[in-house]
Each structure stands twice: as structure tokens, then as C-alpha cells.
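Engineer: okay, structure incoming, though there's no sequence with it:
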């Protein structure tokens, strides 16, 4: 899709961060924006920024995990605009907790938003693209969709799944003039560290500090997304750490996984010295737990 001017672009999670930056970037290229988020106040602020940049947008309160609402949302846009040319499935949440300690309900919540939200956003709007004979879908994965990280099993599961879904869908749509791109940001200065559900409050505080100090601006992701749409790129890596870990994982996958896991565990222990002791106590308790009869 060489030209973005005049296109209709849907962006989920448009109330802040990457979603907001991408919405503004697409508006500056001449697209009409359809903003979706559960954060109405943040979304309205994005709309104001688009207007100030000379763009046009509409705001829609949408929970991407709600299949019926997503279908109704797509129907609304079809009625209003008659087509959708670009969809950026950006909405997502994070939970940082060891899988053994976390609840299945929390895991399901992450899957519902991070994975099903992407699937719904693609499925509901794809018929309009097929009807028009052109379109592009952008799905936000993560560095966590390239390399595994302990304490982020639910998040990593969804981000690996988004990557696989995007690549599979791209292959299926090859030759139909509809592109699909998976995007893999690393540390980006967004609200995800603040809004993520983290079992260790000390860890969350340090994460927020790191994201604020070392995170790159979301505009960097937005610019790459715009170029990916124009060039029909399959995959987009954003930050230096993403490039490094992607190469490391390809060259020495087992070593890369072990090094990343060791770094994360040391990081957590450095922030909260009790974390190591707690893990050791759990491991000891697991060994002493009675075995169930076969």
C-alpha cells in the first residue's frame, strides 16, 4: 500500500502510547482515523491531537476482548465509511508473575485481550478489505514474541501467538493484495509498565523507572509501522535490544534463552532480595509435596 492518503485506518488501544502515536502518524499521512479503546478519556485526547495536526478521526469505546462488541464495531464502521483499508491491532495488557503462582483467570484475561483482540480485529475487518481488493493489517507483538522471559509466560504466550498468527495469515492472503505485518517493539516509553499487573510492587516500580529512563519514544514504533504498511513488510523490529536478541536467538537459541532467563531472575532478585528465598522455599516445598497415586 504505497499511498496512505485518503485511507480509512482503525487503531485499537488508541488512547495512549503506540496506539496514539500510530494514529497521529497515519493522520499526518492523510488517513482518516477510527480510534478504539476502553479508555475514553485517553482516546478523546488522541482525537484532539489528530485534529490539531489537521487530521480527521472518530472515537469508539471498544473492548477488543468482547467478540460481539468487535463485530458491532466493524458493522458501525462499514455503515459509516463503507470500507476499512488499514487495521492496527495494538491493544494489549501485561501481567508479570510466575506461572505457578498466577491464576488461570489472569492468564485468560491476557489471552482474551492480547490474542483474541488481534484475531477479532483481523477477522471482523478483513471482509471489507477483500471487498475493496486492498488492505493492510498490523499486529503488535513484542520482543517477548521473539525470546522467552520467566515471569511473563502469559504475555509471552500471546506475543508468540500473535507473531505466528500474523505470519500464517500473511501467507494465506498472499496474492490478494492484503499485507500483514507483525511488529516487535522492545522497551518503549508507554504506560504498559504502569498499567501491567505485577505481583511484586518493588519490581513494578523499578520497571516503570527503567521504561521512563531507557525506553524509546512510541513515535519510533509509529514511524516504522507507517513504513511497513507502505512497503508491505512482513516483520518489524524496533529497538536495538530487539535486533540483538533476534540475532542471538537465531544463532544460539538455547544459549539465548538461558542468558535471558538468568538476566531476568537476577534482575528480580536485585530489586527484591526476598524473591530468591521465596523461589527456593517453593522449590523445597514442591519436592516434599506428596505424590498422587497413578
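Structural biologist: Noted; the coordinates are in hand. Note that this is a predicted model, so its numbers are computed, not measured.
Engineer: now the strands for the stretch 151-294 of the chain?
Structural biologist: For the stretch 151-294 of the chain, applying DSSP state E, counting those that start in this stretch gives strands covering 178-184, 197-198, 235-237.
Engineer: ok, of these, where does mean pLDDT dip lowest?
Structural biologist: In terms of mean pLDDT, the lowest-scoring of those is strand 197-198 (a mean of 56).
Engineer: out of the strands of the stretch 151-294 of the chain, which is the most enclosed?
Structural biologist: Ranked by mean neighbour count, the strands of the stretch 151-294 of the chain are led by strand 178-184 with a mean of 25 (mean count of other C-beta atoms under 10 Å). Any C-beta I mention is one placed from the backbone N, CA and C, and that applies to glycine too.
Engineer: so what strands line up beside that one?
Structural biologist: Paired with strand 178-184 in the same sheet, following DSSP bridges, are strand 135-140 (parallel), strand 235-237 (parallel).
Engineer: mind listing the helices for the chain?
Structural biologist: 17-28, 40-52, 67-81, 104-110, 117-132, 153-173, 192-195, 201-214, 218-231, 240-251, 253-271, 274-288 (DSSP state H).
Engineer: among the ones you listed, which is the most enclosed?
Structural biologist: The most buried stretch of the helices of the chain, if neighbours are counted by mean count of other C-beta under 10 Å, is helix 17-28, with a mean of 26.
Engineer: could you give me the average pLDDT of that one?
Structural biologist: 97.
Engineer: do stretch 82-102 as well
Structural biologist: 90.
Engineer: likewise stretch 140-147?
Structural biologist: Rounded mean pLDDT across stretch 140-147 is 94.
Engineer: what about it, start to end distance?
Structural biologist: Distance across stretch 140-147, first residue to last, is 15 Å (C-alpha to C-alpha, to the nearest Å).
Engineer: what's the answer for stretch 79-97, then?
Structural biologist: End to end - C-alpha to C-alpha - stretch 79-97 spans 42 Å.
Engineer: swap in stretch 141-151?
Structural biologist: 17 Å.
Engineer: can you give the contact residues for that stretch?
Structural biologist: By C-beta atoms under 8 Å, 6 or more residues apart in numbering, the residues outside stretch 141-151 that reach it are 96-98, 152, 155-156, 159-160, 162-163, 166, 182-187, 239, 241-242, 245-246, 248-249, 256-257, 260-261, 264-265, 268.
Engineer: what pLDDT does residue 156 get?
Structural biologist: 94.
Engineer: contacting residues around it?
Structural biologist: Applying C-beta under 8 Å, 6+ apart, the residues near residue 156 are 144, 145, 148, 149.
Engineer: same check on residue 28?
Structural biologist: Here residue 28 is in contact with 53, 54, 55 (criterion: C-beta under 8 Å, 6+ apart).
Engineer: ditto for residue 188
Structural biologist: 17, 18, 211, 215, 216, 217, 218, 220, 221, 238, 239.
Engineer: 10 Å instead, please
Structural biologist: By C-beta atoms under 10 Å, 6 or more residues apart in numbering, the contact set of residue 188 is 17-18, 21, 142-143, 211, 215-221, 238-239.
Engineer: now do residue 157
Structural biologist: 99, 107, 110, 111, 114, 115, 144, 145, 148.
Engineer: verify the stated contact: residue 6 with residue 30.
Structural biologist: Yes: here residue 6 lies in contact with residue 30, judged by C-beta atoms under 10 Å, at a distance of 6.1 Å.
Engineer: which one of those two has more residues nearby?
Structural biologist: residue 30 (14 against 10; other C-beta atoms under 10 Å).
Engineer: which pLDDT value goes with the residue nearest to residue 60 when sequence neighbours are not counted?
Structural biologist: In space, and not counting its chain neighbours, residue 60 is closest to residue 36: 5.0 Å by C-beta to C-beta, 6 or more residues apart in numbering. In this model, residue 36 is scored at 98, pLDDT.
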